[in-house]
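Chemist: just a sequence and a predicted model for now, questions to come.
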Amino acid sequence: MSRIILVLFLPLLLLSACGGSNESWENEKVAEVGTRITADDVKENWKIESAPGDEQRIQLKILKNDGQPINDFAITHEKLLHLIIVSKDLAYFNHIHPEYKGNGLFEITNNFPAGGKYKLIADFEPSDGDSMTKMAWVDVEGSEKASVSVVVDDDLVKSVDGNRVVLTMDSAEANKELTLKFTITDEKTNQPITDLEPYLGAIGHVVVLSEDGERYLHVHAVEGQGSGPEALFETEFPKSGVYKIWLQFQRDNQVFTVPFVIKVD
């Protein structure tokens, strides 16, 4: 009889041990996921001060919520951090890449065209965290210029530095996936441009900002594209309203920026 009880007891013991092992493994997985840095775990400190000449020095310190600096960052689109600077009226745009000084600090100088409010937008990814965006309005000292109205383009055709760019897309509706298609030709010859050079690891780069400067989209190019004359980007607008699009391409080692203003229903 004791042999029978022992035989019955052993499977129960093994089953109990396996169950305990599974529970411990699951708890370990949860703990690992919990250590990954998310945007809610991160805060940023911006500082702008005068630099030699007419430039301003921009400093951005990236910290955890407990005040400890984030030291390690992953390279995304060939850079550790992308900084977008846009004036309040959306007339001024600049896309630059600050130098990492260590201890969570990025620094760069910029020549602002005038004093006033600017939106600073930083895209980055901690090495052990998610890709994230941190934004802030800052005041830049100096004489302010008259504000320029944001006007929706009737004709989505622009010419910049001899490059003629046409934007076509399906009807722009909020909360709907759509493809932005840009076609580039030579302004003088009207011939297709097929010598675009990779810019930040892609055929081009597109960012979008709502008229009030509060909704920001970093739009990625469709993978596997060539060097023109067409460039496709996929995105989704979060709300209806007016948006400004800045498209950047590189040709002959020079980056040119093409702006469009559209209305999203």
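Modeler: Here it is on my side, so go on.
Chemist: run a quick neighbour tally on the closest residue to residue 235 other than its chain neighbours.
Modeler: Of all residues not flanking residue 235 in the chain, residue 219 sits nearest, at 4.5 Å (CB to CB, 6 or more residues apart in numbering). C-beta: built from backbone N, CA, C; applies to glycine. By other CB atoms under 10 Å, 17 other residues sit near residue 219.
Chemist: distance of residue 219 relative to residue 93?
Modeler: As judged by CB to CB, to the nearest Å, residue 219 and residue 93 stand 14 Å apart.
Chemist: who does the helix or strand containing the residue nearest to residue 235 pair up with?
Modeler: Using DSSP states H and E, residue 219 sits in strand 216-221. Pairing partners of strand 216-221, with direction, according to DSSP bridges: strand 205-210 (antiparallel), strand 230-235 (antiparallel).
Chemist: export stretch 152-159 as CSV, just CAs?
Modeler: Extracted as CSV, the C-alpha positions of stretch 152-159 are listed here (Å, rounded to 0.1, in the frame of the first residue of the first chain):
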residue,chain,number,x,y,z
VAL,A,152,-3.2,76.1,-47.0
ASP,A,153,-1.6,75.5,-50.4
ASP,A,154,-4.0,75.5,-53.3
ASP,A,155,-1.4,73.9,-55.5
LEU,A,156,0.8,71.2,-54.1
VAL,A,157,3.7,72.0,-56.3
LYS,A,158,6.9,73.6,-55.0
SER,A,159,10.3,74.5,-56.5
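Chemist: tell me what the residue nearest the centre of the chain is bridged to.
Modeler: Geometric centre of the chain, nearest residue: residue 218, 4.1 Å, by CA atoms, centre = their mean. In this entry, residue 218 is beta-bridged to residue 207, by DSSP bridges.
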